[in-house]
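Participant: One predicted model, sequence on top.
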Amino acid sequence: MSISFDTQPPQLSGIGFLRWIWRQLTSMRTALVLLLLLAVASIPGSVFPQRSQNPLKVNEYYGTNPALAQWLDRFSLFNVYSSPWFSAIYILLFISLIGCVVPRTWEHFKSARALPPLTPKNLERLEEFQEFSSNQSPEEILQVAEGALRARRYRIRNLSDSLGAEKGFIRETGNLLFHLSLILLLLGVAFGSLGGMRADVIVSEGETFTNVATSYDSLNTGGLFAIDDIPPFTITVKKFTAKYDLVTNAPQDYQLQALVVDEPGKPAREVTVKVNKPLTFGDTRVYLQANGYSPIVTVRNQAGSVVLRGPIPFLPQDGNLTSTGAIKVPDMEPQLGFVAKFLPTAERTAARGGFSTYPEALKPLLDLAAWSGDLGLDSGIPQSVYRIDTEKLRQIGLASLAPGQTWDIPGGVGSITFDGFTPWVNLQVVRDPGKGFSLVGAIAILLGLLVSLFGRRHRIWVRVSQKDGGTIVHIAGLTRSPGLDEEIKSLASVLQMSTKVEGER
Amino acid sequence: MSKSDWAYLSNDLIYASMAVCALAFLVFAYELAWSIRVGEEKTTINRREKVLRVAQALTILYFLILFIGVLARGLSAGRAPWGNMYEFSITGALAFTFAYLVASLKFEVQWLGILITFSSLLTLGTAITLLYVPSAPLVPALKSPWLVIHVAAAIISGGVFLLSNCIAGAYLVLEQIEKKRDGQRPLWAQRLPKLETLDQLSYRLVALVFPLWTFAIIAGAIWAEAAWGRYWGWDPKETWAFITWVGYAAYLHARVTAGWKGRRAAWLCLIAGSTFLFNYIYVNIWGTGKHTYSGL
């Protein structure tokens, strides 16, 4: 990067001023400041909850600290990494980078074909200066020096009484590769988020999921994502197995066995999905992200006919899968709703109420609170399927059911039977068309870094002059990397050695 | 041997390594105290040299015991011993000591031993008292070959970063001392390397390990893509790894391109290094996000 120290804007207008701005922006100092600023700017995102990662935490923050939260939101502190100020910093940084690296790449390309520089007048002022005399002719000395340096992959420039040698172009090549690859990485990130999508869907055991936009529970798409890009596969969840540690209750293994049809008409294939083994359909991958239980219930009305039957997914609240959910029965008059809690391994204390002590269903229990009235489903406002707004409802009874038990709801409203339960899995469907570019960029970054940090760039000059029938040899060099001293020492000893051999003959 | 036998053996070995490490620390401290009292008197230099060698030998012994202890921990769990913060800490102390021992083969850094043994003792003590969790299998997200690759790269980078920080810290202290005494060092500090050497050494360590840190982040991203469905998500641990990366990138730029040296460079090195420590301690224990494997 170019180092510029002129900080006073010149008395120029128009183009001159723009040029000055450009020079400032692409200066090394600006780049350094922007780089450090980027690091500082990313700190708040690890302090405040972020919408992109945990929207519930943001809502919680709003609940406990509404006034402060509003102000934080005004400064995008819940969306740090997509905020205008964060974007401004990295866009400026990348402009600065491009403005600096592209011209330098061109320079480097040109100089790769140029000869090593002319021999400076005063070699004794350079690094590692050496002087000795030899009984060989100047031409012979230069010839030996050239041979020795070429063997070490130096490029040589022959001059009348001296030679210049240079090696280590690769160091700057690596440096440029590193910076150019950073740009590629960023392009990959941008392309991935623009052309990509991310969706979640909860599927109970036994159910089939068809990959179309309408089957998702939630969907986020990039600006350039076309709905047609969704590959038309289906996944039938055959069996989900979770293994837990008996002492710590920590999960040990999740395994999903499923039938996959890649596109309509194709034969089904059996697959196993694990946490580190997603399913792949081209650019799109399907991840096993979470799991829980769906209690299976049957609700009957006064007349005894079934008004609701099936598995209803509940949301886990802790590591032992204490799960809460809502059973909504709109087809009754008045409407009926159950605020429910599913406990895989049930335990009850006065202080905590019902909770689960182990994530596997060893002693399953379904706690129910029945509510009667208006569920508010016709208001047009979308509501959560896991929650019931009890504002317009009246509680009519409480019960706790084991599998197979039926509860006759007080008041002769009807009955509910807890038939059993089935596990569900949360499948995350992700498309990221940019990740290949990012990966190539990242590998090239590493490669460029290694070359630029460990490549050695040296320049060495050898000058010969005749004095009293002998030859005086001067050697010196220039470098920014270690090892020049040894290079020159060994070159000098090669030249002195050839002198000695000649002398003994 | 059964798995719990290995777990008990590992615990015993960790305690044993701490005892030897404490001993090494005392010998280093004894030698330092001696040199402060008598300075560079010729008569004692040889004898003190021997004491220093004893301390160094004890450090090697401590390292070997700790190595077997970490190995036994891995055998007890049937996996790489990098599943929770206790295991990260004992491996971290191992990597840190290893970095010191390797560096002392090539550079004159034996004098750092007192700092190394002290901070290892602190790390191991914290690990076994506050961070200890029983040996257990991994949670599903950690079951991947990337665990070994990503965590090994991160731990080794961390060890070398911290070593470089120790040297940068020593630079700042010695510089301050020299400044107060018009460029003169007190007797005890005279055998320590010159300021320029320290400056260069801390830079070379960073330059050596920065690519490895870059690799650790890339490996983590590849793994995250397979386990969590995205390769980068600004998870707190990722954010702070990025901050450390940017910090050291700025440090390297400042040195190589802008020619920073000495005090300013040492401070930048310390700041970058402290973001690493912060990431390790704060984000692991109190942070939220996907990297909360401390098991606490």
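Facilitator: Now that the structure is in, tell me what you want to look at. What you are looking at is a predicted structure, and each value in this text was computed from that prediction instead of being measured.

Participant: Could you list the contact residues of the stretch 401-505 of chain A toward chain B?
Facilitator: Within the stretch 401-505 of chain A, the positions near chain B by Cβ under 8 Å from any Cβ of the partner chain are A:428, A:430, A:432, A:435, A:438-439, A:442-443, A:445-446, A:449-450, A:453, A:480. The way it works is simple: take the backbone N, C-alpha and C, and place the C-beta from them, glycine included.

Participant: How about stretch A:15-26 and chain B, any contact?
Facilitator: No - on the criterion Cβ under 8 Å from any Cβ, stretch A:15-26 is out of touch with chain B, staying 13.1 Å away.

Participant: And stretch A:75-86, by the same measure?
Facilitator: Yes - Stretch A:75-86 is in contact with chain B by Cβ under 8 Å from any Cβ, via A:80-81.

Participant: what's the span of that stretch, first residue to last?
Facilitator: 11 Å (Cα to Cα, to the nearest Å).

Participant: contacting residues for the residue nearest to residue B:82 when sequence neighbours are not counted?
Facilitator: Excluding the flanking residues, the one nearest residue B:82 by Cβ to Cβ, 6 or more residues apart in numbering or on different chains is residue B:151, at 4.2 Å. Residue B:151 makes contact with B:80, B:82, B:88, according to Cβ atoms under 8 Å, 6 or more residues apart in numbering or on different chains.

Participant: circling back to that earlier point, next step: the residues of the stretch 401-505 of chain A next to chain B restricted to strands.
Facilitator: A:428, A:430 (DSSP state E).

Participant: ChimeraX command for the buried members of the residues of the stretch 401-505 of chain A next to chain B?
Facilitator: Listed next is the ChimeraX selection for buried residues among those, using 16 or more other Cβ atoms under 10 Å in any protein chain shown:
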select /A:428,430,432,435,438,439,442,445,446,449,450,453
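
Participant: CSV for the residues of the stretch 401-505 of chain A next to chain B, including pLDDT?
Facilitator: Below are these laid out as CSV (pLDDT from 0 to 100):
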residue, pLDDT
A:428, 93
A:430, 93
A:432, 91
A:435, 91
A:438, 95
A:439, 95
A:442, 95
A:443, 95
A:445, 96
A:446, 95
A:449, 93
A:450, 92
A:453, 86
A:480, 72
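
Participant: re earlier: would you say the residue nearest to residue B:82 is within a strand?
Facilitator: No - counting by DSSP: H, G, I helix; E, B strand; the rest coil, residue B:151 is not found in a strand; it is helix.

Participant: how about the helices in chain B?
Facilitator: B:3-38, B:42-77, B:85-106, B:113-126, B:146-180, B:195-228, B:236-256, B:262-278, B:284-285 (DSSP state H).

Participant: name the helices or strands packed onto the shortest one?
Facilitator: Using 3 or more Cβ pairs under 8 Å, 6 or more residues apart in numbering or on different chains; DSSP states H and E as the contact test, the elements touching helix B:284-285 are helix B:85-106.

Participant: And the helix it packs on, what does it pack against?
Facilitator: Helix B:85-106 packs on helix B:42-77, helix B:113-126, helix B:146-180, helix B:195-228, helix B:284-285, going by 3+ Cβ pairs under 8 Å, 6+ apart.

Participant: packing partners for the fourth one?
Facilitator: With contacts defined as 3+ Cβ pairs under 8 Å, 6+ apart, the secondary structure elements packing on helix B:195-228 are helix A:435-454, helix B:85-106, helix B:146-180, helix B:236-256, helix B:262-278.

Participant: quick one: low-confidence ranges for the chain?
Facilitator: Just going to use chain A. For chain A, residues meeting the criterion pLDDT under 70 lie at A:1-12, A:499-505.

Participant: that's the wrong chain, I wanted chain B
Facilitator: B:39-44, B:287-289, B:292-296.

Participant: By neighbour count, which of the contacts of residue B:151 wins?
Facilitator: residue B:82 (24 neighbours; other Cβ atoms under 10 Å in any protein chain shown).

Participant: which residues does it contact?
Facilitator: Applying Cβ under 8 Å, 6+ apart, the residues contacting residue B:82 are B:88, B:91, B:147-148, B:151-152, B:155.

Participant: Wasn't residue A:288 part of a strand?
Facilitator: Yes - in this structure, residue A:288 lies within a strand as judged by three-state DSSP.

Participant: Quick check: beta-bridge partners of the nearest residue to it once chain neighbours are set aside?
Facilitator: Nearest residue to residue A:288, sequence neighbours excluded (Cβ to Cβ, 6+ apart): residue A:273, at 4.9 Å. Judged by DSSP bridges, the bridge partners of residue A:273 are residue A:256.

Participant: So what's the residue count around residue A:227?
Facilitator: Neighbours of residue A:227 (other Cβ under 10 Å): 10.

Participant: Actually, residue B:126.
Facilitator: What residue B:126 shows, counting by other Cβ under 10 Å, is a neighbour count of 16.

Participant: Once you drop chain neighbours, what's closest to it?
Facilitator: residue B:89 is the one closest to residue B:126 (Cβ to Cβ, 6+ apart), at 6.7 Å.

Participant: what does the stretch 51-200 of chain B put close to chain A?
Facilitator: Near chain A, when you scan the stretch 51-200 of chain B using Cβ under 8 Å from any Cβ, you find B:134, B:136-141, B:143-144.

Participant: farthest pair in these?
Facilitator: B:134 and B:144 (22.4 Å; Cβ to Cβ).

Participant: Tell me which of these two has more neighbours.
Facilitator: residue B:144 (19 against 14).

Participant: Number of residues surrounding the residue nearest to residue A:288?
Facilitator: 21.

Participant: dump the residue contacts of the residue nearest to the spatial centre of chain A.
Facilitator: With distances taken as Cα atoms, centre = their mean, residue A:189 lies nearest the centre of chain A, 8.5 Å away. Contact analysis of residue A:189 by Cβ under 8 Å, 6+ apart lists A:434, A:438, B:232.
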